[in-house]
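Asker: Here is my input; please provide its structure:
(2 chains)
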Protein chains: 2
Amino acid sequence: MKNTQLLYEKLLEKAKEIKVLKSICTLIDWDQETYMPPKGLKIRSTQKEHLEALIHKEFTSTQFQELLGALINLETGKIFDESGLDETQKAALIEWRVDLLKSKKLPDEFVKKFARATSEAVSEWGVAKNNNDFNAFIPHLKKIINLTKEKAEYLGYKDHPYNALLEDYERGMNVKKLDKLFNGLKPFLIDLTKKLSQKTVNDTFLYGEFSPEKLFEFDYEILKHMGFEEGTYRLDASNHPFCLSLSPDDVRMTTVVKTSDIFAANISSVIHEAGHGLYEQGLDKEQFATPIGEFLTMGIHESQSKLWECFLGQSLSFWEYFYPKLQKQFPSHFSHVSLNTFYQAINQVRPSMIRIYADEVTYCLHVILRYEMEKGILEGSIEVEQIPDVWNKKMHEYLAITPKTHKEGCLQDIHWAWGLFGYFPTYALGNLYAAQMFNQLISLFPDWKERVSQGHLTFIKDWLHENIHRHGRRYSTEELMKRATGEVLNEEYFKKYLMEKYSI
Amino acid sequence: MKNTQLLYEKLLEKAKEIKVLKSICTLIDWDQETYMPPKGLKIRSTQKEHLEALIHKEFTSTQFQELLGALINLETGKIFDESGLDETQKAALIEWRVDLLKSKKLPDEFVKKFARATSEAVSEWGVAKNNNDFNAFIPHLKKIINLTKEKAEYLGYKDHPYNALLEDYERGMNVKKLDKLFNGLKPFLIDLTKKLSQKTVNDTFLYGEFSPEKLFEFDYEILKHMGFEEGTYRLDASNHPFCLSLSPDDVRMTTVVKTSDIFAANISSVIHEAGHGLYEQGLDKEQFATPIGEFLTMGIHESQSKLWECFLGQSLSFWEYFYPKLQKQFPSHFSHVSLNTFYQAINQVRPSMIRIYADEVTYCLHVILRYEMEKGILEGSIEVEQIPDVWNKKMHEYLAITPKTHKEGCLQDIHWAWGLFGYFPTYALGNLYAAQMFNQLISLFPDWKERVSQGHLTFIKDWLHENIHRHGRRYSTEELMKRATGEVLNEEYFKKYLMEKYSI
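Answerer: The predicted structure follows:
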């Protein structure tokens, strides 16, 4: 028994070394997007490449494999001394093995080739987008698609190559389940969009000149109410909002402050990133260097940001508390605008070209469009040359609008250039998970509106911590959802939420 | 021949990997002092320890030693294929060997013991200083002194154990040379201080409330004039000013902005750190990963900061240009104060207890005091228990003042707690090198006052780049000084500068 614990300690020590390198990599990313002088980029790329190579080398080293292999059979997954380890340790071993097997599936040569191709494609995508020139992007996209197909073969899959990619970002998800979820959603959303988009709403007051200092003050006010622990987080300005975590004690979020669009670009993005941030802070600190101290899937991560951003941050109760504060912060912009007008403005449903600016009704349709296209591209039923046409047709079918340019059409997202096929679905899944969690939360706290309208938000953070955050990768998403909400993912909760909110 | 170049390339590649790790370490330090959330410190220490261990491991690895040893005989220092390498490459090999031999002198166990002792001492020093309790610090100081003696033995020396420490921070310097320099300086400075400190000067306008934003604006104005390249540097706020360089393209300086003391705490410190920063920016980018792309000694580094801070930043010509800008930036503070009054205020000579706030006349006396004490402590002629008495006696003798507390006496500096015996002299050497360089500079540019008073400063940066910066570690300090100024270090130039400036 004792020997097993000693072995586990040794493995953990090595894992801590690797985790520390990863957290340094995170700092480098954060710095690059916030304070790095532009010309610092030259050495920055080398720093990153070198660190990432080092992390990969350490994780796949003979030493790490021997340490892990002494506790769990790397081939069969059988733990040698079941009774000598506690449940968390056993769960960690199982997950470490999963990660190790995965990291060995892609040959080093392939990883490098993929990295080179995407690095090239990203810069060419930028040019093509600016020039509205899809043809210029075609050769790069073709290269990436071929490499992605190769990647799927390396990773392995059942039934559909897309399953290999889904498994990568949203473990346990597959085309069959996703088709069922999205098919249950699509006609409902198309129909709802049609009904709601008739209404015209005044939202001019959301645009204008806002002092960055005053914006930051307001943002921090929200963060404090959401329950961030003093001295463990910060918010900075960057070109695109994001959230990175060096450790649960050092979570860094960013937002856009030089903007004329106060809600979407700043406030809403802060609440979104803060949802991610609370997940990172809520991970089990004791399990910092084990997989149990890591977030579960991209979809679950997105559920945390979406739950705060939309289900709370676009609720009337939330703004009953925060709107007077916003008015006080920016009297010339908001003193003459009623809470109800503000609420209508931040909740207007209007089909639009750009996914990242979409409202909560149309957003999932953007994602479904990309999912269907990616699946078709991988199957070979959509040729690269057909992408603009198929895209525009689907946009018309789902949202009744047609992009005038590729820039606001199929060239709008960077994901394909990054080689992130299979990633988009997690954005929609985030909404669906969030709806189901939110449904559970409000049934447990029937007085939620009262609490929230008084600025009390920590009961939400606490419930999420107890039921989602602290578990990390201990359970599968299905198991986690069953434990937290009583059943596996069901898109009906999202539909129910929208129907109630928009009083259908 | 070709083979030698291939070998050199391989060595360089390995050196680049190590350099990249070092630059990451620098980023970690910068972040810790600027933006890190306080509780992020927990993982930060682990990150640093781990990276430093990795750097040490890589540099002393068999691989690196074999690569270097294939080009230069590690025992004799003889380069195998002289004609197959250019002068820079040969210089780099010689310096790499010096670093390698040095890094192998201290056993790993000793380095760890030293690090633990100083880490403990630093926190105890803080408490002892706050409580004005020298006795509480005695056991820690004794420990550090014993370890420092041990360190000197490991490093090896001729004549005096202090030489081992000097060699560590200021290669080529020794007690004999330093005694000569300081003995030539001490009576002169004591005498000059007496003469000048009679004068009373009004400087109240330097203290007050200054907007951090406006301060930063003014600071950046100075930095731009000093010739920093756009996109390669930044200035942030921190508790203590410092300058760190990730690469010549990413230099980061800090200053204190929340202060009531605009000159010493902010403006003067910015010019000082900018002097360091220009040195780092001026290092040969092509030699980034070799010792030739590194700064020469601490004293030479300090000469760059001092030259800008005192010789230019406290000159009348400098303020003829910048004072109207300062007045415009802070009209309520300065509009009623004449340039001459301002100039007198920033150049007053007044014996004071705290080294870091000392004027340019008394500053070196503070350093000489510490040098004499360190030498005595290491020889055993000063017992730790005697430190406060000896300190106070010397303060009285040199500056005619006596500390009322240990806090403003022998506990004021963190250096001994950090284990930095042998470091202080470089602060004074910086002044002496700077005076000699400045003397050369103004004899080459007889119209310097006119240029500077018109805001033209880049001719100074260019001369320093040409004669100091770009050479890195190519020459010894003696050789560098001879090439730049025609002779080795001579304290007479500093005396001459002070005599002329203070019109003796």
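
Asker: Helices of the stretch 101-250 of chain A, start to end?
Answerer: Taking DSSP state H, counting those that start in this stretch, the helices of the stretch 101-250 of chain A run over residues A:108-131, A:134-155, A:161-169, A:175-196, A:212-226.

Asker: and the closest residue to residue A:411 other than its chain neighbours, what does it touch?
Answerer: Excluding the flanking residues, the one nearest residue A:411 by CB to CB, 6 or more residues apart in numbering or on different chains is residue A:129, at 4.5 Å. Where C-beta positions appear, they are placed from N, C-alpha and C, glycine not excepted. With contact set as CB atoms under 8 Å, 6 or more residues apart in numbering or on different chains, residue A:129 has these partners: A:406-407, A:411-412.

Asker: Next one: the residue of the stretch 301-450 of chain A at minimum distance from chain B, what pLDDT does it get?
Answerer: Proximity of the stretch 301-450 of chain A to chain B (CB to the nearest CB) peaks at residue A:329, 19.0 Å away. Note for residue A:329: predicted pLDDT of 97.

Asker: same check, this time on residue A:35
Answerer: Each residue has a pLDDT score; the one for residue A:35 is 96.

Asker: What about it, how many residues nearby?
Answerer: Residue A:35 has 18 neighbours, counted by other CB atoms under 10 Å in any protein chain shown.

Asker: That one reaches residue B:35, doesn't it?
Answerer: Yes. Between residue A:35 and residue B:35 there is a contact at 7.2 Å, judged by CB atoms under 8 Å.

Asker: could you say what helices and strands the top helix by length along chain A packs with?
Answerer: Using DSSP state H, we find that the single longest helix of chain A is helix A:2-34. Counting contacts by 3 or more CB pairs under 8 Å, 6 or more residues apart in numbering or on different chains; DSSP states H and E, helix A:2-34 packs against helix A:41-59, helix A:62-69, helix A:87-105, strand A:243-247, strand A:250-255, helix B:2-34, helix B:41-59.

Asker: Show me the one of those that comes nearest residue A:169.
Answerer: Closest to residue A:169 of the helices and strands packed on helix A:2-34 is helix A:87-105 (CB to CB; 12.0 Å).

Asker: Who are the packing partners of the helix or strand of chain A with the lowest mean pLDDT?
Answerer: Every helix and strand in chain A was compared by mean pLDDT, DSSP states H and E; the lowest is helix A:41-59, with a mean of 89. Contacts defined by 3+ CB pairs under 8 Å, 6+ apart place helix A:41-59 against helix A:2-34, helix A:87-105, helix B:2-34, strand B:243-247.

Asker: looking at those, which is buried most?
Answerer: Comparing the helices and strands packed on helix A:41-59 by mean neighbour count (mean count of other CB atoms under 10 Å in any protein chain shown), strand B:243-247 ranks first with a mean of 23.

Asker: what sits opposite the residue in the stretch 151-300 of chain A that chain B sits nearest to in the beta ladder?
Answerer: For the stretch 151-300 of chain A and chain B, the shortest gap (CB to the nearest CB) falls at residue A:250, measuring 3.2 Å. Beta bridges link residue A:250 to residue A:247, judged by DSSP bridges.

Asker: thinking it is in contact with residue A:228, fair?
Answerer: No. Contact between residue A:250 and residue A:228 fails when scored by CB under 8 Å: they sit 11.8 Å apart.

Asker: these two touch, right, residue A:63 and residue A:14?
Answerer: Yes. Counting by CB under 8 Å, residue A:63 does reach residue A:14; the two are 6.6 Å apart.

Asker: and the stretch 51-200 of chain A, which residues reach chain B?
Answerer: Within the stretch 51-200 of chain A, the residues that sit near chain B (CB under 8 Å from any CB of the partner chain) are residue A:51.

Asker: For chain B, give me its nearest residue in the stretch 51-200 of chain A.
Answerer: Nearest residue of the stretch 51-200 of chain A to chain B: residue A:51, at 7.0 Å (CB to the nearest CB).

Asker: Find the residue ranges of chain A scoring beneath the pLDDT cut-off.
Answerer: Low-confidence segments of chain A, defined by pLDDT under 70: A:1, A:504.

Asker: mind running it again at 80?
Answerer: Within chain A, the segments meeting pLDDT under 80 span A:1-2, A:504.

Asker: center of it - which residue?
Answerer: residue A:302 (3.9 Å; CA atoms, centre = their mean).
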